[in-house]
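sequence below, structure please.
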Amino acid sequence: MTEKWHKTTFPGVRYREHTTRKHGIQKDRYFTIRYQLAGKRTEEGLGWASEGWTAQKAAIELAKLKQAHITGEGPITLKEKRKLADKRRQAEKEEEEREIRESITFGDYFRDAYYPNSQAHRKQTSYKKDEQHFKKWLNPALGNMALKKIKPFHLERVKKNLIDANKSPRTIDYVMGTFRQVWNMARRDGIVSGDSPTKRVKVKKTDNRRTRFLSFKEASQLLEDLRWRNTQVHDMALLSLQTGLRASEIFNLRWGDVDLERGLINIRDPKGIKGRAAFMTDKIRDLFASMKRKAHSEYVFTDKSGKTGKKFNQIPYTFKTSVNSLGLNEGITDLRDKVVFHTLRHTYASWLVESGVSLYMVKELLGHSTLAMTERYSHLGENTLVEAVRRLDEKLEQSRAEGREANKVKEEGGDKNGTII
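Numbering: from 1, shown residues only. Okay, here's the model as predicted:
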């Protein structure tokens, strides 16, 4: 059925009625305007009476378009006017979003964006450390500041607070690292731009890498002392000492990760994120074989002192008791030289290097992400290198002797194939 259009008392304005819907006592009306544009009759819809349109308002709108056509100022069609209105609204929206972004405080962004993202994509120990840095050091100084307005000067104040609290350069570096990660994520989200202000905050660099490793005698004494104090702590220590596993990797070890047939330990979610396999020595294979195997998904080591038998989250104090009992830390003040549980992993790597294993192989066995992390052990292989050069020298001397003998034979009319190196 063809729609029926009705004229109004205003030239160029007409309407049609809705078939069922009413506005007041009358049927709802849809208004349009008609005009000449570039020699062609053009008609554009305005809207319904129920939306506020009347014939008079439509006439006023038509007059504005005609005036714009005459003066050349402003839109000359409703389509053009609506397009300009859309652009204006978009610009206003973008300006509003920009103002919101620029007003976001460091504290709000950390809580609402960064920390939830960190929880979803990082290990618990990592995002808990972020939270600790935020609550104790970053939030008190920067929490209410607009993230975009934070400058190196403000980070210098955070650094001073850490120094006044006698925190080590390493701790200061970690706190600055947390801020840097927040800033980089905010830059990705378009809230800030440019490098993190921490780039211009100087932090004293220190080498806190552990240098102490156990001798075979010290390791044997420690294991023997642990054996009668606590079997589980002994087994965890032996495992680290002969496979290089970190404490956290031992805590997370499940029976489904232990492959006795192939002598492999599957290490899931290690510190370096990338999983790897550790190789059992005969002693470690015997250790697992002697243990009572639980369900495939259950942890190998559980805290039996607790009611639920949950996995360990820290090495029991028994380990420190044994170390103190044996006097392994007696008279030692440098933390890098003190024996802790991580010393066992360090000892494993050191023994490998001293026995002639290449740094690359040690890197793979330890699960280091870069060779630079393994190069701390390079000096331990000096004796092996010296021995290799000595063997080479012996081979060369042997070759020279054979060459001299060959020349002697040659001079006497014997074998002419002798050569000298």
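
domain assignment for the protein?
Annotated domains of the chain cover 5-99, 106-200, 216-369, 375-421 [automatic domain parsing].

okay, how far is it across the second one, tip to tip?
The straight-line separation of the ends of domain 106-200 (Cα to Cα, to the nearest Å) is 19 Å.

just how off-centre is that domain within its chain?
The chain centre lies 14 Å from the centre of domain 106-200; the measure is Cα atoms, centre = their mean, to the nearest Å.

thinking again about what came up before, include mean neighbour count when you put the domains of the chain into CSV, please.
Using the backbone N, CA and C atoms, a C-beta is placed for each residue, glycine as well. Output for the domains of the chain, formatted as CSV (neighbours: other Cβ atoms under 10 Å):
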stretch, mean neighbour count
domain 5-99, 14
domain 106-200, 16
domain 216-369, 16
domain 375-421, 12
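
save the ones you listed as CSV, and put in mean pLDDT too.
Shown next, in CSV, are the domains of the chain (pLDDT from 0 to 100):
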stretch, mean pLDDT
domain 5-99, 89
domain 106-200, 93
domain 216-369, 87
domain 375-421, 60
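
not counting sequence-adjacent ones, nearest residue to I265?
Once flanking residues are discounted, I265 sits nearest to A278: 4.2 Å by Cβ to Cβ, 6 or more residues apart in numbering.

and the host helix or strand of the one you found, C-alpha only, in CSV?
For A278, the enclosing helix or strand under DSSP states H and E is strand 276-279. Output of strand 276-279 as CSV, limited to C-alpha atoms (Å, rounded to 0.1, in the frame of the first residue of the first chain):
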residue,chain,number,x,y,z
ARG,A,276,62.2,-27.9,30.9
ALA,A,277,63.3,-31.4,31.9
ALA,A,278,65.7,-32.4,34.7
PHE,A,279,67.7,-35.6,34.5
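
what about the strands in the stretch 301-421 of the chain?
For the stretch 301-421 of the chain, applying DSSP state E, counting those that start in this stretch gives no strands.

helices along the stretch 51-200 of the chain, start to end?
Using DSSP state H, counting those that start in this stretch, the helices of the stretch 51-200 of the chain run over 55-71, 78-103, 106-109, 115-121, 124-133, 139-142, 152-164, 169-188.

and the first one, what does it pack onto?
Using 3 or more Cβ pairs under 8 Å, 6 or more residues apart in numbering; DSSP states H and E as the contact criterion, the secondary-structure elements in contact with helix 55-71 are strand 13-23, strand 26-37, strand 40-48, helix 78-103.

kindly report the same for the longest one.
Taking 3+ Cβ pairs under 8 Å, 6+ apart as the contact definition, the neighbouring helices and strands of helix 78-103 are strand 40-48, helix 55-71.

list the contacts of the residue sitting nearest the centre point of the chain.
Centrality entry for the chain: nearest residue to the mean C-alpha point is R122, 5.8 Å, by Cα atoms, centre = their mean. Residues in contact with R122 (Cβ atoms under 8 Å, 6 or more residues apart in numbering) are D130.

cutoff 10 Å now
Going by Cβ atoms under 10 Å, 6 or more residues apart in numbering, R122 touches 128-130, 181, 273.

and it, how far from P116?
Noted for R122: a distance of 11 Å to P116, by Cβ to Cβ, to the nearest Å.

cool, and Y360?
39 Å.

now swap in G256 and tell me
Remark: distance between G256 and P116 (Cβ to Cβ) = 30 Å.

and if you look at R188?
Counting by Cβ to Cβ, the gap from R188 to P116 is 15 Å.

could you do K320 as well?
K320 is 37 Å from P116, by Cβ to Cβ.

cool, E94 as well?
Counting by Cβ to Cβ, the gap from E94 to P116 is 25 Å.
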